[in-house]
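kindly return the folded structure for what I paste below:
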Amino acid sequence: MREYATQMEAAKKEIITPEMEIVAAKEHMDVEVLRQKVADGVVAIPANVRHTSLSPEGIGSGLRTKINVNLGISGDCKDYDVEMKKVDMAIQYGVEAIMDLSNYGKTNTFRTELIKRSPAMIGTVPMYDAIGYLEKDLLEITAKDFLRVVRAHAKEGVDFMTIHAGINRRAVEAFRRDPRKMNIVSRGGSLLFAWMMMTGNENPFYEYYDEVLDILREYDVTISLGDALRPGCLDDSTDAGQISELIELGALTKRAWEKDVQVMVEGPGHMAMNEIAANMKLQKRICHNAPFYVLGPLVTDIAPGYDHITSAIGGAIAAANGADFLCYVTPAEHLRLPDLNDVKEGIMASKIAAHAADIAKGVPHAMDADNAMAKARYETDWEEMFKIAIDGEKAREYFESTPPADRHTCSMCGKMCAVRTTNMILEGKEVKFCSEK
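Numbering: from 1, shown residues only. Next up is the predicted model:
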């Protein structure tokens, strides 16, 4: 029997857990520094006591930016084998988190297998699963029913859960006073809003928040406070609804910490580039520097088919200004459930954004791989370049598709390669083109 219920409780008691040891080693951080950050709530280590295959990761201040992959079935796409292939791809490319957003039928069989085999932390949104799990229509579900789903996910071994507790009556009032172009675009948020309007009741996750926290504490599940009122288009960003909910999330963060439950706070959404930095600072201030988890932000609304790029732009800016955790976006966003290729494109875009932000933030050793790549390019060592590249397979494929005559160059510049020319001059050699055989 361990001496603590959660990572946060252990940290407050000055106990260094095995998970803290692993995270500190991964982050090149003194474990005592990490322990204090966990105690303060500015770092979370989502690690359900039942997720025995987990390779723990830290999310928060001073750590590498982490990325999450969303997957799961829908009513129109029910192939769990395909979803498990996406899981395998996500693990292959080293993502730190996978969220199962399945919203059709009995999902626990897939989720149980996912937790069993995944070293990445697993997240869910219990609200998505409520109708299928309970076999009830929305209006028939009671407040206590929602808590049953939370407990079921916790018992299965889920490391973090998105709980939309901030869309209470006050936040809804602010949302309705300030009309939007896109209204509510959060799936979980819209379902809760509908339930509240149809029943006349308060948000059950807000009304029974202490009971939710008790469940999460029992299994050491991190609460990811969902942003039900996130903007779904540029024109709705930083409006009264978004800010009103954010204020509620700040208060809920403190209440969770009082019960030793670790917290992440979720953020926008769609947002113009010039608003992102200010939003990151506002969120951190209002939510007491809790780890910030962002979807995007998408910096334009007119790029369906390319939203992995619009998201990567916003994600890089967000992470460079304080966001700690990026949810990937695929080219299929707004269009359909992503296929395997879409998942890969989304992972790569998010990894690039996260890595670029880590360099900007000065995360220790963030530039090591870039420096190694510069050395390999200087030496025109293609095998080393492919080894270092985020996607070495694709890099090799491009290089070999139009192979150069001289393996010390590529087919772009050939013998006029700037690196080759400069190296030859510095080595005291003569550079020739026309007469060289």
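
please confirm that Met99 is located within a strand.
Yes. Assessed with DSSP: H, G, I helix; E, B strand; the rest coil, Met99 lies in a strand.

what is it paired to in the beta sheet?
Counting by DSSP bridges, Met99 forms beta bridges with Asn70, Gly123.

quick one: residues contacting it.
Going by CB atoms under 8 Å, 6 or more residues apart in numbering, Met99 touches Asn68, Val69, Asn70, Leu71, Gly72, Ile122, Gly123, Thr124, Val125, Thr162, Cys327. C-beta here means a position set from N, CA and C on the backbone, and glycine is covered the same way.

kindly state the pLDDT recorded for the fourth one?
Confidence at Leu71, expressed as pLDDT, is 91.

which residues does it contact?
Glu83, Lys86, Val87, Ala90, Ile98, Met99, Asp100, Leu101, Pro338, Val343 are the contacts of Leu71 under CB under 8 Å, 6+ apart.

where does the first one sit: helix, strand or coil?
Think Glu83. The three-state label for Glu83, taken from three-state DSSP, comes out as helix.

ok, it to Glu430 distance?
According to CB to CB, to the nearest Å, Glu83 and Glu430 sit 60 Å apart.

of the contacts of Met99 - the most surrounded one?
Neighbour counts for the contacts of Met99 (other CB atoms under 10 Å) peak at Thr124, which has 30 neighbours.

I'd say that one and Arg111 touch.
Yes. Between Thr124 and Arg111 there is a contact at 7.0 Å, judged by CB atoms under 8 Å.

and for those two, which residues touch both?
Shared between the contact lists of Thr124 and Arg111 (criterion: CB under 8 Å, 6+ apart) are residues Asp100, His153, Val158.

select only the buried ones of the residues you listed in PyMOL?
Buried residues among the shared contacts of Thr124 and Arg111 (16 or more other CB atoms under 10 Å), as a PyMOL selection:
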select buried, resi 100+153+158
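
a markdown table please, covering the shared contacts of Thr124 and Arg111 and showing distance to Arg169 and pLDDT.
Listed next are the shared contacts of Thr124 and Arg111 as a markdown table, based on distance: CB to CB, whole Å; pLDDT from 0 to 100:
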| residue | distance to Arg169 | pLDDT |
| --- | --- | --- |
| Asp100 | 30 | 93 |
| His153 | 26 | 96 |
| Val158 | 28 | 98 |
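
what is the nearest of the shared contacts of Thr124 and Arg111 to Ala10?
Checking the shared contacts of Thr124 and Arg111 against Ala10 with CB to CB, the nearest one is Val158 at 19.8 Å.

phi and psi next, for that closest one.
Dihedral angles of Val158 (phi, psi; degrees, to the nearest 10) stand at phi -70, psi 130.

isn't it up against Ile223?
No. Between Val158 and Ile223 there is no contact under CB under 8 Å: 11.2 Å.

state the mean pLDDT of the lengthiest helix in the chain.
Longest helix in the chain, counting residues (DSSP state H): helix 340-361. Here helix 340-361 scores 98 as its mean pLDDT.

report the buried residues of the very next helix or strand once past that helix.
The element immediately downstream of helix 340-361 (helix or strand, assigned by DSSP states H and E) is helix 368-378. For helix 368-378, a neighbour-count test (16+ other CB under 10 Å) marks Met373, Ala376 as buried.

of all the shared contacts of Thr124 and Arg111, which comes closest to Phe399?
Closest approach to Phe399 among these (CB to CB): Asp100, at 36.7 Å.

state the pLDDT value of Gly75.
Reading off the model, Gly75 has pLDDT 63.

ok, so of the shared contacts of Thr124 and Arg111, who is nearest Ser237?
Checking these against Ser237 with CB to CB, the nearest one is Asp100 at 28.1 Å.
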